[in-house]
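Undergrad: Here's a sequence, model it:
(4 chains, ligands or ions: 4)
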Amino acid sequence: MNIDKNKLNWIYKKLFTIRFFEERIKKIAKEKSVPGYLHTCIGSEAICVGVMSALSDDDWISSTYRNHGHAIAKNCELKQITSEIYGRSTGICKGRGGSMHISDFDKGMLGSFGIVAAGPPVVLGAALQEKINGGTKMSATFFGDGAIHNGAFHEAAGLAKLWDIPMLFVCENNGYAEATATDWHLNTKELKDIAKAYDMISYQGDGNNVFEVHQITRDAIIESKAKNTPIFLEFKNYRFSGQYEGDTQLYQPLEEIEEAKKNDPIKKSIEMASEYNFSSDEIKQIQTDVLNEVNEAFDFAETQPWPNPEDALEEVYVNYPKELLR
Amino acid sequence: MNIDKNKLNWIYKKLFTIRFFEERIKKIAKEKSVPGYLHTCIGSEAICVGVMSALSDDDWISSTYRNHGHAIAKNCELKQITSEIYGRSTGICKGRGGSMHISDFDKGMLGSFGIVAAGPPVVLGAALQEKINGGTKMSATFFGDGAIHNGAFHEAAGLAKLWDIPMLFVCENNGYAEATATDWHLNTKELKDIAKAYDMISYQGDGNNVFEVHQITRDAIIESKAKNTPIFLEFKNYRFSGQYEGDTQLYQPLEEIEEAKKNDPIKKSIEMASEYNFSSDEIKQIQTDVLNEVNEAFDFAETQPWPNPEDALEEVYVNYPKELLR
Amino acid sequence: MRELTVKEAINEALFESFENDENVILMGEDIAGGKGRENYPGTQDSWGGPFGVTQGLLTKFGPERVRDTTITEAGFFGAAVGAAMTGLRPIVELMYVDFAGVCFDQLMNQAAKMRYMFGGKQSVPMVVRTVVGAGFRAGSEHSQTLYSLYAHIPGLKVVAPYDAFDAKGLLLSAIKDDDPVIFMEHKRLYMTKCDVPEDMKAIPLGKGRIRRPGKDVTIIAIQRMNLFAEEAAQKISEENIDCEIIDPRTYSPLDEELIFESVRKTGRVIVIDESNPKCSLASEITSLISEKCFNDLKTAVIKITAPHTPIPFSPPMEDFYIPSTKKIIEAIKKVHNA
Amino acid sequence: MRELTVKEAINEALFESFENDENVILMGEDIAGGKGRENYPGTQDSWGGPFGVTQGLLTKFGPERVRDTTITEAGFFGAAVGAAMTGLRPIVELMYVDFAGVCFDQLMNQAAKMRYMFGGKQSVPMVVRTVVGAGFRAGSEHSQTLYSLYAHIPGLKVVAPYDAFDAKGLLLSAIKDDDPVIFMEHKRLYMTKCDVPEDMKAIPLGKGRIRRPGKDVTIIAIQRMNLFAEEAAQKISEENIDCEIIDPRTYSPLDEELIFESVRKTGRVIVIDESNPKCSLASEITSLISEKCFNDLKTAVIKITAPHTPIPFSPPMEDFYIPSTKKIIEAIKKVHNA
Ligand SMILES: Cc1ncc(C[n+]2csc(CCOP(=O)(O)OP(=O)(O)O)c2C)c(N)n1
Ligand SMILES: Cc1ncc(C[n+]2csc(CCOP(=O)(O)OP(=O)(O)O)c2C)c(N)n1
Ligand SMILES: [Mg+2]
Ligand SMILES: [Mg+2]
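TA: Ligands and ions are numbered 1, 2, ... in the order given. A predicted model of the protein is given here:
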């Protein structure tokens, strides 16, 4: 696969950033040094980075509560992300969102939604806007295997196909929706076959192989734009994290986890590095740099000021009499 | 096909009843002698009667706002149906429902829903109850081609398949959802292919041929129960009626209507009568009897007493302090 | 001056908004009609929604901007949210407000909260047009108002015009507004007429209207209830009781000051809402008055609402369900004589 | 007597209901956990929902009656309606009430209206268990209460217990009740404890509870707000102000008489609700008091609610959002001295 060196560098950098970031989050979650729910994405790095590496910086995406990886891969500021998780005023959402809602419109992130399958319709709208305005930005919505039964996903998929909207439905099939195994909840033999209901083109790929994810996505973008049609992508991986930090994960058999570790996307990417002409020193250097960056982001966040209590009243509306917000 | 004479008699009787009934409704709608919306089902007779002739009397069904045919074929009392449409106290819902909500729980009608695709989840629940209680009643939900994109339909279909629930999803594909043609709004080549998303067995039939509908449904019931699985049925016909009475139907090309008339289900059933050993005199006799019955039902309804205004406060709950209903 | 029906006024406001801003689009079920029958003359744009309100837009502005949808409210409401954030000004039609429950999430959790929870970088300038109201013999699932469901949610604005003048002026504003607006049209008012100037201007959201000035009793009337309030005020004026009628027109933001001013003057108040009573607009307005104007009140506020029941179909029962002029007159007498 | 947490009390009520009536079933996402991993020891029933409330039911009552679902609230809520009509007594879990918008139709238009609009022949005996409330740092989409959305709808009953005693007694009733009941559990109360007798009886729906008798000021507190109300009442008792705290416990039907009695006695009233203010329970209760007890009121009722904003994540802002003991104390002083 021909990927230029800059992009390769970026890919490795982002893969490691996400992993180190989430490992740190797991630690602070144990120490309970941040408030609220935390949904880490250990095991999703290749999907986040592979898809984003095929998108342009100003393309539109949506994410879910499990959004750290998407935000990092979409080039949101690491310090701002971390500060948001800490609930500080310099957070990417000014502390109003928290971990579940990290999102930066300026980076093309339409939103991180706490409601399963809320994203696909919203991204459909952005893609529709591009179509109507003759824009060229691509649109991609990320969701999990759990979302494919939900009505909102189906309605968005049906409309996208009917309206010939170029966009990507990116399903991360990580084996679980909360405590429920994907192989139980599927009706179709392969998850991607759900797209048959819409006669929608669909592809499946190894979600642990960042380069495969990259290539499938790159090709899908070209095909989607050329044919003016949505495309459904399923990437398979494994959810090493629990549903949220603190989840005992008892429903995930240990042997299954062990087996999955063999395909850990980070491990795999390191194994593949030489194919892409990275020396192990280069990889180590990237890791060192990235770890520093992650550590800096956490050091930054921890010391940031809290918002003022009354800031809770800001930016509910563009226009609304302040005195009526009580 | 072997159908006993009693059932055949019943089939012809119901076909004609529905047609005469709806023609009379169209007339009174023009004269504005009844209040509210009226959705007639001229063209749907064979589907209503064919499916119901394969179900038992106490099987569960749901219907929509286009429910007169389903109610008649489910053996609801004609006088009570008519009285309901007139808003009278002896109506099948005591005048509280009106044309859109004609329904009789005692006849296995779980409800006639004004909300598109509200029925499939409810019938799924009745079928689930049968499964849990080891009951033998079959369950069938009627909906239109317009419902197949709706999230509630998809969620019910997915759960029914996942839970191995014997039930029928009966889609009447009458060519239109309001003013929108089905051939435009479908993504799949055949409507029934929507079932592929659930790996659900599906069949298609001529909705203008009551005997074909009967046979497909009969076979589907046996298969569904034997395999413990839901089955999707698509019956094609044509919506001769407008979306509601008063609809100008300008979006339906005249040549299309003319073409469709050739396959009018009532015409077809009369043509097929001799195959089933009915003389034309017998058919005429049934028609005469049925027309009398229909006329009697309208005569009855027109003279029935109105409900008391305060009856509006009845049967909101099983238990609730009356004085708190203000 | 020329007279327009509410229906015509809304249609005009849509046309003008489409002309003035090419980012305005419309999505909904059968808002044009004839989709799939483009090859046959006379089929296109033959509906305009069940009430014909949007007719003509497809013909003038084409199928890119006027989009008939499938029956997928959660899908296309969500699409409106995404389109609004990225540059369009979508108007979506919820054919009857009774269908609110199939797409409430996209309004309550996405449209309403995104600006807030994602840090204020974007807004969601969309309008939901929907049809409300009883009195049409349309039964329990096509007659609700549900004003309060939307008014409860921070991040949404809620507008409900009574006459053609307000309908046009408020819809022009709603479409220009940068926040998500629920614009509620009453089916029993569509054919009512009033003067609407050719050069009708936008009416700011959040400003109520004194529909009848008076000094003895304040009547706050929600949408169609203005009709009965006027009838009642007219009748009771013969007994020398002078009612002031206030139509808030916008329920969120609510023009509280206009209401309080009138209450301070009269000290006698009736609030009329055809919705179900519990946690209704009537409750909200009554509670505000009782909190903020306690010392001005000469007697208890009377709320007149529908009962806590679904909407029955049969005319005698539905008429009983809807607040009546008679009940209003009784209430006027009661608060006046208290 | 033994102490139970709210969580344990609810779990017990579920167990007893399952034992006493084989028609009781439970559906929801991950209410057991481990679906699809039945062959591995330790996986089954390892969740019990995100708060572990339903744990153990699968093990005891099996997968026919304890059904983990896909993420299809509209689907399985509808299924609950159909199952309820035909003989079961389904309990369905809406994991967080914030997801109300994806399945509101099946409750608002079907569960609530079917008995009425289809002529009264059947009823819909189902219970929706759901988790509400702020203070958990769970952000805008996992912290709402939305009591009033459900209370507005005729045909639904709405229950929200404060302590373990009420939680157990009211859930036993809700499951036995022949109407659809929304049973709201506050996530910040799950781990709070109180005495619950071994032979705990069902508590009738629609009966409020005087949590603290008093003679000077009436405080009506909604669910978790009872905590702050008690703190405030305790503190202010040092200044010789004697507060009566009423927990309505059921919001539809509401025990109006209990409230009015207290108001008649004190004439000074505070209503506390952590919901958004507009068209809230606080508005409803305030409006009722102002209508029915006008002459008994010595001063204006004070409503204390959250502001009209989504729920912010960051602790200082969320703490500002939630009504506080401090605000309640100020309000007590204000109504007392007025
Ligand atoms: C409408 C809705 N229902 C339920 C939930 C609770 N919930 C949060 S995550 C989740 C599982 C989602 O699984 P999946 O889509 O596979 O995503 P993953 O967590 O594996 O990334 C559920 C049920 C929700 N957020 N929204
Ligand atoms: C959720 C919802 N959205 C919209 C409507 C308005 N509506 C009523 S009937 C209808 C078309 C349904 O078409 P189809 O399912 O084909 O049934 P048919 O009328 O042809 O029998 C629409 C859009 C509705 N009742 N419910
Ligand atoms: Mg998953
Ligand atoms: Mg149809």
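Undergrad: Helix or strand: which one has the residue nearest the centre of chain A?
TA: Centroid-nearest residue in chain A, with Cα atoms, centre = their mean: A:His70, separated by 3.0 Å. Taking DSSP states H and E as the criterion, A:His70 maps to helix A:68-73.
Undergrad: The chain: helices as residue ranges?
TA: Since no chain was named, I'll use chain A. Using DSSP state H, the helices of chain A run over A:5-30, A:45-54, A:68-73, A:78-85, A:119-133, A:151-162, A:182-185, A:210-227, A:254-261, A:265-271, A:280-302.
Undergrad: hmm, I had chain C in mind actually
TA: Applying DSSP H to chain C gives helices spanning C:6-20, C:57-65, C:73-85, C:104-105, C:114-117, C:147-151, C:164-176, C:225-237, C:256-266, C:281-292, C:315-321, C:325-337.
Undergrad: Deepest in the core, which of those is it.
TA: helix C:73-85 (a mean of 31; mean count of other Cβ atoms under 10 Å in any protein chain shown). In this view, the C-beta of every residue, glycine as well, is placed from N, C-alpha and C.
Undergrad: got the angle between it and helix B:151-162?
TA: 130 degrees (axes from the mean of the first three to the mean of the last three Cα atoms, to 10 degrees).
Undergrad: Who are the packing partners of helix C:73-85?
TA: helix A:119-133, helix A:151-162, strand C:24-28, strand C:89-94 (3 or more Cβ pairs under 8 Å, 6 or more residues apart in numbering or on different chains; DSSP states H and E).
Undergrad: Of all those, which one comes closest to C:Ile285?
TA: Among the helices and strands packed on helix C:73-85, strand C:89-94 comes nearest to C:Ile285, with 24.2 Å by Cβ to Cβ.
Undergrad: check contacts around the residue in the stretch 51-200 of chain A positioned nearest to ligand 3.
TA: For the stretch 51-200 of chain A and ligand 3, the shortest gap (Cβ to the ion) falls at A:Gly144, measuring 3.6 Å. Counting by Cβ atoms under 8 Å, 6 or more residues apart in numbering or on different chains, A:Gly144 touches A:64, A:66, A:116, A:171-174, A:177.
Undergrad: Chain D contacts on the stretch 101-250 of chain A?
TA: Contact residues, the stretch 101-250 of chain A versus chain D (Cβ under 8 Å from any Cβ of the partner chain): A:101, A:113-117, A:146-147, A:149-152, A:177-185, A:243-244, A:248, A:250.
Undergrad: List buried residues within these.
TA: Buried subset of those (neighbour count, 16 or more other Cβ atoms under 10 Å in any protein chain shown): A:101, A:113-117, A:146-147, A:149-152, A:177-182, A:184-185, A:243-244, A:250.
Undergrad: just the residues you listed that are near ligand 1?
TA: Counting by Cβ under 6 Å from any ligand atom, A:114-116, A:146-147, A:177-178 from those sit close to ligand 1.
Undergrad: C:Thr43 against C:Arg37, yeah?
TA: Yes. Checked against Cβ atoms under 8 Å, the pair C:Thr43 and C:Arg37 is within contact range at 4.1 Å.
Undergrad: what is in contact with those two at once?
TA: Common neighbours of C:Thr43 and C:Arg37 (Cβ under 8 Å, 6+ apart) are B:251-253.
Undergrad: do stretch A:158-171 and ligand 1 meet?
TA: No. Legend: contact between stretch A:158-171 and ligand 1 by Cβ under 6 Å from any ligand atom is lacking; minimum distance shown is 8.3 Å.
Undergrad: can you count the residues close to A:Lys131?
TA: If you count neighbours by other Cβ atoms under 10 Å in any protein chain shown, A:Lys131 ends up with 18.
Undergrad: Identify the residue spatially nearest to it, adjacent ones excluded.
TA: A:Ile165 (6.0 Å; Cβ to Cβ, 6 or more residues apart in numbering or on different chains).
Undergrad: and what of A:Glu22?
TA: That would be A:Thr40: by Cβ to Cβ, 6+ apart, it lies 4.2 Å from A:Glu22.
Undergrad: gap between the closest residue to ligand 1 within chain C and ligand 2?
TA: Ranking the residues of chain C by distance to ligand 1 (Cβ to the nearest ligand atom) places C:Asp105 first, at 7.4 Å. Here the criterion is Cβ to the nearest ligand atom, to the nearest Å. By it, C:Asp105 lies 14 Å from ligand 2.
Undergrad: List the residues that contact the residue nearest to that residue when sequence neighbours are not counted.
TA: Excluding its sequence neighbours, the residue lying closest to C:Asp105 (Cβ to Cβ, 6+ apart) is D:Gly101, at 3.0 Å. With contact set as Cβ under 8 Å, 6+ apart, D:Gly101 has these partners: A:115, C:101, C:103-109.
Undergrad: Now do the contacts for the residue in the stretch 1-150 of chain C that ligand 3 sits nearest to.
TA: Using Cβ to the ion, the closest approach of the stretch 1-150 of chain C to ligand 3 is made by C:Asp105 at 20.0 Å. By Cβ under 8 Å, 6+ apart, the contact set of C:Asp105 is A:115, A:118, A:152, C:74, D:99-102.
Undergrad: Which ones among the residues of the stretch 101-250 of chain A next to chain D map onto strands?
TA: Using DSSP state E, the members of those that fall within strands are A:113, A:177, A:180-181.
Undergrad: Count the neighbours of A:Ala273 for me.
TA: Neighbours of A:Ala273 under the rule other Cβ under 10 Å: 17.
Undergrad: er, C:Pro41 I mean
TA: Look at C:Pro41: counted by other Cβ under 10 Å, it has 8 neighbours.
Undergrad: Give me the mean pLDDT for stretch A:146-162.
TA: Stretch A:146-162 comes out with an average pLDDT of 98.
Undergrad: what about chain A, any weak spots by pLDDT?
TA: Judged by pLDDT under 70, chain A has no weakly predicted residues.
Undergrad: Point out the residues in it that sit beside ligand 1.
TA: By Cβ under 6 Å from any ligand atom, the residues of chain A that approach ligand 1 are A:66, A:114-116, A:143-147, A:172, A:174, A:176-178, A:239.
Undergrad: which one of those is nearest A:Glu190?
TA: Using Cβ to Cβ, A:Asp145 comes nearest to A:Glu190 of these, at 11.4 Å.
Undergrad: I'd assumed A:Thr180 was in contact with the closest one.
TA: No. In this structure A:Asp145 lies outside contact range of A:Thr180 using Cβ under 8 Å: 9.4 Å.
Undergrad: Could you find the closest non-adjacent residue to A:Ser62?
TA: A:Gly119 (3.4 Å).
Undergrad: In contact with that neighbour, which residues?
TA: Counting by Cβ under 8 Å, 6+ apart, A:Gly119 makes contact with A:62-64, A:110-111, A:113, A:141-143.
Undergrad: Distance check, it against ligand 1.
TA: According to Cβ to the nearest ligand atom, A:Gly119 stands 11 Å off from ligand 1.
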